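A.B. asks: this one's sequence-less:
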C-alpha cells in the first residue's frame, strides 16, 4: 500500500525505533524487518533510511558500531539507546492516542478493520 | 574493538551500483571518515540486496531497481551530509560554530575597518570667519588701534646682539639696572641709541594706545599649512614685546634726565597697549597684554618713588591708570582656543556614522607634529594610530566633553586662587589627566589649561589695584603729611574708590604703616602672611610671586 509521504514522514522515526527496540540491526536488515513486521504495509524508502538513521544517531536515540556478521562481513549495527527507548514510549503513547481519536471519529471503523 | 568499514567490496558490485555510490559520496563532501562510512553502508546494502544473485545481467537489473528505490543521488548526498554533520560531537560543533562566528566577525570587522580608515572629514564651518565676527566691535574703523600696531611692529628695530646680551637688557627687573647711571657707559649709550632708533615705532605705538579699541582681523598664513584655525597668523608678538621694553627703557632714560612726567607718559603708553592686547581672542596675545600691563605698572611704581612727584601729578596719574580699565578687570579667556578645537574636530573626524563620526587614522598622522609623549608615538605608527582612532571617543562625545571642560574653565576663571583653594577645585591639568588616557587623546593634547592663565590675570589685577592704592597713599601722604592708619581710612578720605583685593586671601592686600613708611603686599602663592618678606628666586633675587614669601608691591626694590 502506498501511503502519502507526509503521512509516513512523521511515523518513520518511531517505526525504526520500535524495530530496533527488538534488537540491533544493520540498515538492510532494518528495512527488511520493517516490511515483514508491518505485514508488508509499511515500507521505508531507501533514500530515507540512512539519513533517518544518521539523524536518530545525532539525537542520541540510537547508537551505531561496525561489527562482523556471522558471514564474516562488516556491517554497521544500530541499537536503541535509553533515551531512544524513552522517546519511543512517548511517541507510541501519542500514536495510540491519535489512533483512538481517529477511531472514534470514524465510528469505530478503524478498530474493526484492525 | 570496533571494526572499521572497508571499501574492498565495492568492486564486486555491478558498475551502475558502484557509480551510484561514488556519486553520492562525491557529492556529499564533508569529512573523509564520514564519507567512508556512508560508502561502506551503501555498499553493504547493495551487497545484501544482491546476495544469492549470480547472473551478471540479473545483478545489474536488480542493482538498477535498488538505485531507483534510493532515488536522486544528489538529494541523498545532501541528506546524508546534513545528518552526518548533526552527528558531530558537542565540542566539534562548538569549535565549528566558534570558528564560523570568528570568521564572520573578522570579515565584518575587516569591512568595518576599510570603511573606518577610508573616512574623510567634511569641513562645514568657517571658524575663522566666526572668530573675526566675534572679535569685531561695532565702532568706526578710525578708532581701531590695529593699523597703528601693525605700523609699529613693522618699524620696530631689534636690539643688536651686543645690547641683547647685556645683563641689564636681559634682566631689566633687577634693581641694579633700574638707574641708567648705574650701568656701564657703553650699555647706557647702546640703550639710548636703541631707544632713539625705535622712535618712529614708538610714535606708532603711542598712537595705537590712544585708540579706544583693538580689532585685528585674523587670517591664514600665506603658505602650505592649510586652512586650519590653529595655523592662523597672529601678530609679530616678539616685536610687539620689544616695543614694551622700548617703553621701559625710554621711561628710565627720562627719569635719568629728570623728566618724570615724560617717564610716566611712556609707562602709560605701554599700559594702554597692555589693556588692548588683554582683550584679544587668543591666549598667546592675552599673555602679551598681561606682560605689557606688568611692565607698565611695575615701572610706574618705580617712578612713583621719586620725591619730585607732586600730589597733582599723582592724582592725574591715578586717574589715568584707573581709566585703563573703566569696567571690570578683563579676565583671561579662551574663545580662540575653543574654536581651534572645534575646527580641528571637523578636520580630523568624519561627519557621519555612529556617534556623529569617528577619528580618521590618516588625520591622526598629520597631527603627530603637535603631539607629545605617548600620543606622539602612537601617531607615528599606522597600526597604533588606527587603534587610537578605534578607541577614541566618537565626535559628538568628544565635542561634548571638550565643551564641558571649556565651559567649566570659563566659569571657574572668575575664581581667585584663594577661592579655588577654599573650594578644593581640581586644577585643569588634574581634570584633563583624569580622563581615560586614549579615549580622549585629542582633549589631552589640544585643550589648554586655563587655571594657570587665569591666575596670571588675577596677579595682574592685584598689581593694577596695588598701583592705584599706592598712588593714592602717596597723594594722601603729600597732602596730609602722614600715611593713613588703614586702607579704609584712605577710602573714606576719598583717595581710593575700592579696596585692592588679594587673590591669595579672602581679604584685601595687606597694608602696614610704620615710621612714616608703609608696606603693601599680597600674601602670595603660598597663601601665608610672611609679614611682608619678599619672595625670592633660586638666586636669592627678589621675585614678585614666589612660593617662599609675599608679593610686595611697596616699597619697591630690595
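C.D. replies: That came in fine, so what should we check first? Since the structure is predicted, the reported quantities are computational estimates derived from the model, not experimental observations. Residues are numbered from 1 along each chain as shown, chains lettered A, B, ... in the order given.

A.B. asks: next SSE after the helix or strand hosting residue B:277?
C.D. replies: In the assignment (DSSP states H and E), residue B:277 maps to helix B:260-278. Going down the chain from helix B:260-278, the next helix or strand is helix B:283-303, by DSSP H and E.

A.B. asks: hang on, the earlier thing: next one: the helix holding residue B:277 to chain centre, how far?
C.D. replies: 32 Å (C-alpha atoms, centre = their mean, to the nearest Å).

A.B. asks: packing partners of it?
C.D. replies: Applying 3 or more C-beta pairs under 8 Å, 6 or more residues apart in numbering or on different chains; DSSP states H and E, we find helix B:260-278 packed against helix B:199-210, helix B:237-256, helix B:283-303, helix B:311-323. C-beta here means a position set from N, CA and C on the backbone, and glycine is covered the same way.

A.B. asks: report the buried residues of it.
C.D. replies: By neighbour count on 16 or more other C-beta atoms under 10 Å in any protein chain shown, the buried set for helix B:260-278 is B:260, B:263-278.

A.B. asks: again with stretch B:343-360
C.D. replies: B:343-350, B:356-360.

A.B. asks: near chain B, which residues of chain A? Just list them.
C.D. replies: A:26-29, A:45-47, A:50-55, A:57-59, A:65-68, A:73-76 (C-beta under 8 Å from any C-beta of the partner chain).

A.B. asks: break down chain A into its strands, ranges please.
C.D. replies: Taking DSSP state E, the strands of chain A run over residues A:62-68, A:74-80.

A.B. asks: need the longest helix for the chain.
C.D. replies: No chain specified, so I'll use chain A. helix A:82-105 (DSSP state H).

A.B. asks: other chain: chain B
C.D. replies: helix B:451-480.

A.B. asks: what helices or strands is that helix leaning on?
C.D. replies: Using 3+ C-beta pairs under 8 Å, 6+ apart, helix B:451-480 sits against helix B:283-303, helix B:311-323, helix B:395-412, helix B:417-422, helix B:428-433, helix B:487-492, strand B:517-522, strand B:551-554.

A.B. asks: from residue B:52, how far off is the residue of the stretch 451-558 of chain B found nearest chain A?
C.D. replies: Nearest residue of the stretch 451-558 of chain B to chain A: residue B:451, at 70.0 Å (C-beta to the nearest C-beta). Per C-beta to C-beta, to the nearest Å, residue B:451 is found 103 Å from residue B:52.

A.B. asks: which one's more surrounded, the two?
C.D. replies: residue B:451 (20 against 6; other C-beta atoms under 10 Å in any protein chain shown).

A.B. asks: so residue B:221 makes contact with residue B:233?
C.D. replies: Yes: using C-beta atoms under 8 Å, residue B:221 is in contact with residue B:233, at 4.5 Å.

A.B. asks: dihedrals phi and psi, residue B:510?
C.D. replies: Main-chain dihedrals, residue B:510, degrees, to the nearest 10: phi -90, psi 130.

A.B. asks: what sits against it?
C.D. replies: B:502, B:519-523, B:529, B:532, B:550 (C-beta atoms under 8 Å, 6 or more residues apart in numbering or on different chains).

A.B. asks: which residues does it bridge with?
C.D. replies: For residue B:510, the beta-bridge partners under DSSP bridges are residue B:521.

A.B. asks: ok so, going back, is it true that the residue of the stretch 451-558 of chain B closest to chain A touches residue B:410?
C.D. replies: No: between residue B:451 and residue B:410 there is no contact under C-beta under 8 Å: 11.2 Å.

A.B. asks: for stretch B:182-201, which positions count as buried?
C.D. replies: B:183, B:187-188, B:190-192, B:194-195, B:197-198, B:201.

A.B. asks: break chain B down into its domains, please.
C.D. replies: Domain assignment of chain B by automatic domain parsing yields the ranges B:8-87, B:137-216+B:234-333+B:455-554, B:335-412+B:414-449.

A.B. asks: and residue B:512, what element?
C.D. replies: Here residue B:512 is assigned to strand B:510-514, by DSSP H and E.

A.B. asks: just the buried members of the residues of chain A next to chain B?
C.D. replies: A:26-29, A:46-47, A:50-55, A:57-58, A:66, A:73-76.

A.B. asks: quick one: which of those residues sit in helices?
C.D. replies: Those of these lying in helices (DSSP H): A:27-29, A:46-47, A:50-55, A:57-58.

A.B. asks: for stretch B:114-125, what is the distance to the chain centroid?
C.D. replies: 22 Å.

A.B. asks: so where's chain A shaky on pLDDT?
C.D. replies: A:1-8, A:109-114 (pLDDT under 70).

A.B. asks: residue B:305 contacts residue B:556, doesn't it?
C.D. replies: Yes: using C-beta under 8 Å, residue B:305 is in contact with residue B:556, at 5.8 Å.

A.B. asks: the more surrounded of the two?
C.D. replies: Neighbours were counted for residue B:305 and for residue B:556 using other C-beta under 10 Å; residue B:556 has more, 18 against 15.

A.B. asks: and the residue positioned nearest the centre of chain B, how close does it get to chain A?
C.D. replies: Central residue of chain B (C-alpha atoms, centre = their mean): residue B:447, 2.1 Å from the mean position. Distance, residue B:447 to chain A, by C-beta to the nearest C-beta, to the nearest Å: 62 Å.

A.B. asks: can you report phi and psi for that residue?
C.D. replies: phi -80, psi 130.

A.B. asks: again with residue B:361
C.D. replies: Dihedral angles (degrees, to the nearest 10) for residue B:361: phi -60, psi -40.

A.B. asks: cool, and residue A:106?
C.D. replies: Dihedral angles (degrees, to the nearest 10) for residue A:106: phi -90, psi 10.

A.B. asks: just confirm residue B:309 contacts residue B:260, I think it does.
C.D. replies: Yes: judged on C-beta under 8 Å, residue B:309 makes contact with residue B:260 at a distance of 6.4 Å.

A.B. asks: returning to what we had before: in helices, which of the buried residues of stretch B:343-360 fall?
C.D. replies: B:343-348.

A.B. asks: residue B:234 versus residue B:244, what's the distance?
C.D. replies: Going from residue B:244 to residue B:234 by C-beta to C-beta gives 16 Å.

A.B. asks: which of these two has more neighbours?
C.D. replies: Counting neighbours by other C-beta under 10 Å for residue B:244 and for residue B:234 shows that residue B:244 has the greater number, 23 against 16.

A.B. asks: against chain A, how distant is the more buried one?
C.D. replies: Taking C-beta to the nearest C-beta as the measure, residue B:244 falls 90 Å from chain A.
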